[in-house]
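> structure of the sequence below:
(chains A, B, C and D)
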There are 4 protein chains.
Amino acid sequence: MTPDARATRMTDLFGRAPLAAHLGMTLRFDADLRAVVGIAHAPFLDHGLGQVHGGVFATLIDTAAWFTAAVHYDTWISTVDFSVRLLEPAEGEDLVATGEIVRLGRRLAAADAEVRTAAGRLTAVGGGTFAVTGVEYG
Amino acid sequence: MTPDARATRMTDLFGRAPLAAHLGMTLRFDADLRAVVGIAHAPFLDHGLGQVHGGVFATLIDTAAWFTAAVHYDTWISTVDFSVRLLEPAEGEDLVATGEIVRLGRRLAAADAEVRTAAGRLTAVGGGTFAVTGVEYG
Amino acid sequence: MTPDARATRMTDLFGRAPLAAHLGMTLRFDADLRAVVGIAHAPFLDHGLGQVHGGVFATLIDTAAWFTAAVHYDTWISTVDFSVRLLEPAEGEDLVATGEIVRLGRRLAAADAEVRTAAGRLTAVGGGTFAVTGVEYG
Amino acid sequence: MTPDARATRMTDLFGRAPLAAHLGMTLRFDADLRAVVGIAHAPFLDHGLGQVHGGVFATLIDTAAWFTAAVHYDTWISTVDFSVRLLEPAEGEDLVATGEIVRLGRRLAAADAEVRTAAGRLTAVGGGTFAVTGVEYG
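So this is what the prediction gives:
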């Protein structure tokens, strides 16, 4: 399977993810096949004090790291764990998360992700570990 | 401020969190003043293979840990970092996250949370670290 | 293999770990087959300001979590990742780390550990994720 | 205080850390003021199966991240939490950990670190969060 075909399969999968649509996330792959996950600010992303909820940062990081790793495998990868460091609050700003491969193993993969505002300000970083399963995409 | 008054202030704050409403989360405090965050399953919580998205588990854990710690402080606490371990997938099941205090310091707090299905099956665990700020709830 | 035989195999393995001897760690299993790792304070465990080095807490947590999980498997488990939260400094005090199973899966295991001073004060918590390999103990 | 003076203060502090001597760690700062922590392989660094113990990786990452952040502050920074991902085992190889700033805040700092073998193979990554205290180095 070519990198382009893999990326297409991943964007198809993303297009079927209800949470992505519910939150307004978008996905593309950059020239290095890293997942770039965007989200336009919407009031429903905020916590009670009017800033973007930590769960949104976690979702962006999980998603960008997952797709950055998953595009390199023929079968489903399952998230084992992930962590998030919130560096700066974001208020009313569009956000972009970009993944980065840490390791692509036969059984386990690891990828990081960073979240920046549309203006380029770094707001959160994190990463995940993923187990390579035998589940086909079908 | 009495524990009951603190809990009321927290549930008021939760009621003003747009993401909580957007995902369908509810909050109550148990007899030990631990936050119990519920979420009824809805299709929009799922990823592309029809199971609950990792970002939802992260949001539940962040929320339960945050409120479990925050109820003990007079001022806003800010999430520094948090991590999530996904133990079992969940499919179409209502979920409940319960927080647990790890440490309540003067400047930093730490709390864990676990997520179980309505049937009691443990699906995810995690925890967060929070910085105590001087920001009043006003 | 009986639980006692498994525990014996683990304590034999621990007895062959040079780092354990170099730091002065001891291992036993409690009645629930949880690993209990002790360390007598020694000046060489400290950082430059005279408190126990964070790396020692990490080593205690990794070791207690690893053995608590490993005793349940016939083959070697490999540490995927682990994290540590340092709650209180320790100065000149003996320490005890106790593990706790989070999940024992076919391919992945997870365990937590907490570190207390001999007097019972909680100083650090953490946990690890472990991949079950096919490597026999031989 | 000049960057050189800060680096000197840090290497002095490192020189007084008993654990650093006990494990055989060395510290220098590179041209970007990132901490570079080396460790020559010694049998006492291994676990029971003859590879470098996870606690050693954690100690290297904690140390490299801590010094990379600490050199930018006038007062002591206290480790809040850190995490480690073990990517590949190391056997009988010298190791080098290099830190990288993630964020230098007024109250909290974050730094990452990676561990490579002398031959350049990436074996572990991780990072920490540090609280800026008012404690002077004296």
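
> relative to the whole chain's centre, how far out is the biggest strand by length in chain A?
Looking across chain A with DSSP state E, the single longest strand is strand A:122-136. Put simply, strand A:122-136 sits 8 Å off its chain's centre (CA atoms, centre = their mean, to the nearest Å).

> hey, where'd the strands end up in chain A?
Using DSSP E, strands in chain A cover A:25-29, A:35-39, A:75-86, A:95-104, A:108-117, A:122-136.

> neighbours around residue A:14, how many?
Using other CB atoms under 10 Å in any protein chain shown, residue A:14 has 22 neighbouring residues. C-beta: built from backbone N, CA, C; applies to glycine.

> ok, for it, nearest residue in space, not its chain neighbours?
Excluding its sequence neighbours, the residue lying closest to residue A:14 (CB to CB, 6 or more residues apart in numbering or on different chains) is residue A:27, at 4.3 Å.

> for that neighbour, give me its contacts.
A:10-11, A:14, A:20, A:35-38, A:63, A:67 (CB atoms under 8 Å, 6 or more residues apart in numbering or on different chains).

> what about residue A:93, distance to residue A:118?
The gap separating residue A:93 from residue A:118 is 6 Å, by CB to CB, to the nearest Å.

> out of those two, which sits in the more crowded spot?
residue A:93 (17 against 13).

> where's the closest residue to that one other than its chain neighbours relative to residue A:65, distance?
In space, and not counting its chain neighbours, residue A:93 is closest to residue A:117: 4.3 Å by CB to CB, 6+ apart. Between residue A:117 and residue A:65 the distance, using CB to CB, works out to 19 Å.

> and these two? Which one has more around it.
A direct count of neighbours by other CB under 10 Å for residue A:117 and residue A:65 places residue A:65 higher, at 33 against 18.

> who's in contact with the residue nearest the centre of chain A?
In chain A, the centroid-proximal residue (CA atoms, centre = their mean) is residue A:64; its distance is 1.8 Å. Contacts for residue A:64 (CB under 8 Å, 6+ apart) come out as A:35-37, A:97-99, A:111, A:113, A:115.

> again, but for residue A:100
A:34, A:68, A:111-114.

> swap in residue A:45?
A:23, A:39, A:52-53, A:56, B:18-19, B:22.

> one more pass at 10 Å, please.
Listed by CB atoms under 10 Å, 6 or more residues apart in numbering or on different chains, the contact partners of residue A:45 are A:23-24, A:39, A:51-53, A:55-57, A:59, A:90, A:92, A:95, B:18-19, B:22.

> mind listing the shared neighbours of residue A:93 and residue A:118?
Counting by CB under 10 Å, 6+ apart, the residues touching both residue A:93 and residue A:118 are A:40-41.

> where in chain A is pLDDT low?
A:138 (pLDDT under 70).

> before we move on, back to that, of the contacts of residue A:64, closest to residue D:105?
Nearest to residue D:105 among the contacts of residue A:64: residue A:115, at 16.5 Å, using CB to CB.

> against residue D:55, how distant is that closest one?
Taken as CB to CB, the span from residue A:115 to residue D:55 is 31 Å.

> just the contacts of residue A:45: which are in helices?
A:23, A:55-57, A:59, B:18-19, B:22 (DSSP state H).

> buried ones among those?
A:23, A:55-57, A:59, B:18-19, B:22 (16 or more other CB atoms under 10 Å in any protein chain shown).
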